[in-house]
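Undergrad: coords please:
(one chain, ligands or ions: 1)
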Amino acid sequence: MTTVVQVENLSKHFVIRKEKSLKERVVNFGRSRAHREDFWALQDISLEIASGTTVGLIGPNGSGKSTLLKMIGGILQPDTGSVKIRGRLAALLELGAGFHPDLTGRENVYLNASILGLSRTQTDKHFDAIVNFSGIEQFIDTQVKFYSSGMYVRLAFAVAVHVDPDILLVDEVLAVGDEPFQRKCLERIREFQSEGRTIVLVTHGLDQVAEFCDRAIVLEKGRIVTDDLPRVALRSLRADFEEARQEERDRAHEAESSETRVGRARFTGIALQSDSGQSGRPVLARSEGLYVTMQIETDAHLSDVIVEIGIATPLGTSIYSTSSMLLGATGITVDGVSRFQVHLDSLQLGEGEYSVQVGLTTASGQEIHRVPEAGQFSIDGDGRSLGVVHVDAQFAVL
Ligand SMILES: Nc1ncnc2c1ncn2[C@@H]1O[C@H](COP(=O)(O)OP(=O)(O)OP(=O)(O)O)[C@@H](O)[C@H]1O
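TA: Reported below is the predicted structural model:
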């Protein structure tokens, strides 16, 4: 496979100007650099993208995803490092990029297509298909400044996919299209994949990454922290999100007054065991059950807590959950070290890997602690079906 995008030691910084008070302005008159701060949006990024692959760029807000995509698209210049592109590139970046607000949709189609390397005659040939795909025929002779953000994206996406790009860059923008249009775009992206084109996608739709990408790159504070198969990258990102959530909960806990404070409690041990006695990461036969044993340690006496347990796919999609309350156990107390066990009878799950999630909340639903990947198990299937549920089925020719 050939490399179509090569990024080497890329860094980008922005200068942030801090707002000054009037007094500071007077005192610092002529020395305004004191209120400038260098901010590194990307630091030392190196990556290669092979032709025909679909790569998802994911990460928390402000981690540098859009900046990296813009630099791949040649819209921003790096401070250090280089970006090399092989092939025709079409980019669907933030709203506003690419279209001129005072020109009509029709004029922008021609302008945009020419920026992407199409001649007027070539654009003439695709024009009807572009307008048809966008579904905004009625507004094609209106200035785009009067477009809604959805109409805007419809036209921009239609142009991007009709200019025959080898590499398509898509930033979060698709999310503003309505559902039928989003579906149409995703279908088009699938066609692109089957035609062997390369796609780089920035998104917060983690399920989309799992569904469409061959590879996912997690950015954090301008650096690559994971570059792997989507399921590995998503697991790492979700673990980071959970860690951040836990830190936030801890901070909120510290800030609470002593009357309203919920005692600190933590899951300090979780063990899985199959009905047949396998522990660690058990492999369950179809319809076998699973014991989940949890140990909770607390520095306070907590009454009326709820212990939650759930099952998720390797991508973190929750497929089952229950709790001590739903199972009829009320008035649960934790004090010092407490242990609980849940037996999940006869799991009717499809072949594959699953993870167990556990959580502890107060009776009013306030979260005390949660472990999204408390343990893993797998189900050994019989090869007769796909998907996360197991259903006995027979086929008959009538
Ligand atoms: N033109 C600019 N001037 C100053 N700072 C900028 C500029 N563009 C981006 N930044 C900063 O660089 C950082 C990375 O921004 P970027 O838009 O790449 O993040 P992102 O990962 O795409 O975030 P989000 O998920 O919120 O879209 C942010 O802190 C942002 O404020």
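
Undergrad: can you give me the helices in the stretch 51-200 of the chain?
TA: Ranges of helices in the stretch 51-200 of the chain, per DSSP state H, counting those that start in this stretch, are 65-72, 105-115, 120-134, 149-162, 179-194.

Undergrad: residues in contact with the last one?
TA: By C-beta atoms under 8 Å, 6 or more residues apart in numbering, the residues outside helix 179-194 that reach it are 52, 54, 133, 135, 150, 153-154, 157, 161, 168, 170, 174-175, 177, 199, 208, 212. In this view, the C-beta of every residue, glycine as well, is placed from N, C-alpha and C.

Undergrad: who does the residue lying closest to Cys213 once chain neighbours are set aside bridge with?
TA: Nearest residue to Cys213, sequence neighbours excluded (C-beta to C-beta, 6 or more residues apart in numbering): Gly56, at 4.0 Å. Counting by DSSP bridges, Gly56 is bridged to Leu201, Ala216.

Undergrad: Surely Gly56 and Val218 touch.
TA: No - Gly56 lies out of contact with Val218 (C-beta atoms under 8 Å); the separation is 9.2 Å.

Undergrad: thinking again about what came up before, looking at the helices of the stretch 51-200 of the chain, which is closest to the ligand?
TA: helix 65-72 (3.3 Å; C-beta to the nearest ligand atom).

Undergrad: would you turn the helices of the stretch 51-200 of the chain into JSON lines with mean pLDDT, distance to Leu326 and mean neighbour count?
TA: Putting the helices of the stretch 51-200 of the chain into JSON lines (pLDDT from 0 to 100; distance: least, C-beta to C-beta, whole Å; neighbours: other C-beta atoms under 10 Å) gives the following:
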{"stretch": "helix 65-72", "mean pLDDT": "93", "distance to Leu326": "39", "mean neighbour count": "23"}
{"stretch": "helix 105-115", "mean pLDDT": "89", "distance to Leu326": "53", "mean neighbour count": "19"}
{"stretch": "helix 120-134", "mean pLDDT": "91", "distance to Leu326": "48", "mean neighbour count": "16"}
{"stretch": "helix 149-162", "mean pLDDT": "87", "distance to Leu326": "40", "mean neighbour count": "23"}
{"stretch": "helix 179-194", "mean pLDDT": "87", "distance to Leu326": "32", "mean neighbour count": "15"}
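
Undergrad: how about CSV for the ones you listed, with distance to Ala41 added?
TA: Shown next, in CSV, are the helices of the stretch 51-200 of the chain (distance: least, C-beta to C-beta, whole Å):
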stretch, distance to Ala41
helix 65-72, 5
helix 105-115, 25
helix 120-134, 32
helix 149-162, 24
helix 179-194, 27
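
Undergrad: okay if I get these as JSON lines plus distance to the ligand?
TA: As requested, the helices of the stretch 51-200 of the chain are arranged in JSON lines below (distance: least, C-beta to the nearest ligand atom, whole Å):
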{"stretch": "helix 65-72", "distance to the ligand": "3"}
{"stretch": "helix 105-115", "distance to the ligand": "21"}
{"stretch": "helix 120-134", "distance to the ligand": "24"}
{"stretch": "helix 149-162", "distance to the ligand": "15"}
{"stretch": "helix 179-194", "distance to the ligand": "18"}
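
Undergrad: nearest to His13, of the ones you listed?
TA: Proximity to His13 (C-beta to C-beta) singles out helix 65-72 among the helices of the stretch 51-200 of the chain, at 10.2 Å.

Undergrad: any idea of the mean pLDDT for stretch 322-331?
TA: When pLDDT is averaged along stretch 322-331, the result is 94.
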